[in-house]
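> missing the sequence, but the structure's below:
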């Protein structure tokens with residue numbers, strides 16, 4: 001079975017660039033994303049009674065789970081400042097939603113699929129663990145809410161643009177496990 005299964009997606013072959021609202025000074029932070037995932041998606045189930053039985057049918061409401069990312073914290077705390085500012089914007093009801101894109105890569109670093117999350121904003125900033133006995137890079141988990149997402153294949157011209165972006169430095173971060 002395993003010998004016939006080729007071309008499996010690898011967990012470490014992804015790329016995402018977080019785009020901040022225009023009023024926040026940073027436009028994006030590609031190097032700090034340590035881990036991400038594809039959020040869950042489900043359809044409402046409707047129970048329909050019929051002649052003493054209950055049939056389960058697909059409803060007409062799709063719901064989306066939260067998008068959680070883990071970020072490396074830079075030594076100046078800029079990443080924490082940016083997300084705290086963004087959450088303040090959400091609280092103050094300023095223009096705070098921004099579309100985000102997660103790219104899935106093949107073994108050559110070529111983007112093959114995108115997941116675009118529409119109307120995304122951070123809804124929580126996790127605790128940052130600090131420990132004198134550790135030499136690990138500090139990380140912070142950010143949970144995003146969003147309106148919906150779409151899963152799309154990438155054509156070759158877009159993929160080549162992303163590949164050149166990756167080879168210009170972001171690929172080094174990927175190959176080093178998103179270390180700083």
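The structure has been received and is ready for your questions. Because the structure is a prediction, the values reported are computed rather than measured.

> list the buried residues for whichever helix in the chain runs longest?
Across the chain, the longest stretch assigned as helix under DSSP state H is helix 78-91. For helix 78-91, burial by neighbour count (16 or more other CB atoms under 10 Å) applies to 79, 80, 82, 83, 86, 87, 89. Every residue, glycine included, has its C-beta placed from N, CA and C.

> can you list the neighbours in contact with that helix?
Outside helix 78-91, the residues that touch it by CB atoms under 8 Å, 6 or more residues apart in numbering are 20-21, 23-24, 26, 29, 32, 71-73, 95-96, 121-123, 125, 128, 140, 142.

> helices - which of these land there?
Per DSSP H, the subset of the contacts of helix 78-91 in helices is empty.

> pull out the buried members of those.
The neighbour count (16+ other CB under 10 Å) marks 20-21, 24, 29, 32, 71-73, 96, 121-122, 125, 140, 142 as buried among the contacts of helix 78-91.

> coming back round to it: the buried residues of helix 78-91 into TSV, with extra columns for pLDDT?
Below are those laid out as TSV (pLDDT from 0 to 100):
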residue	pLDDT
79	89
80	92
82	91
83	93
86	93
87	94
89	90
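
> how about TSV for those residues, with distance to residue 52 added?
Below are the buried residues of helix 78-91 laid out as TSV (distance: CB to CB, whole Å):
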residue	distance to residue 52
79	58
80	59
82	58
83	54
86	54
87	52
89	54
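
> of the residues you listed, closest to residue 48?
Checking these against residue 48 by CB to CB gives residue 87 as the nearest, at 42.2 Å.

> now do that closest one against residue 123, distance only.
Residue 87 sits 8 Å away from residue 123, going by CB to CB, to the nearest Å.
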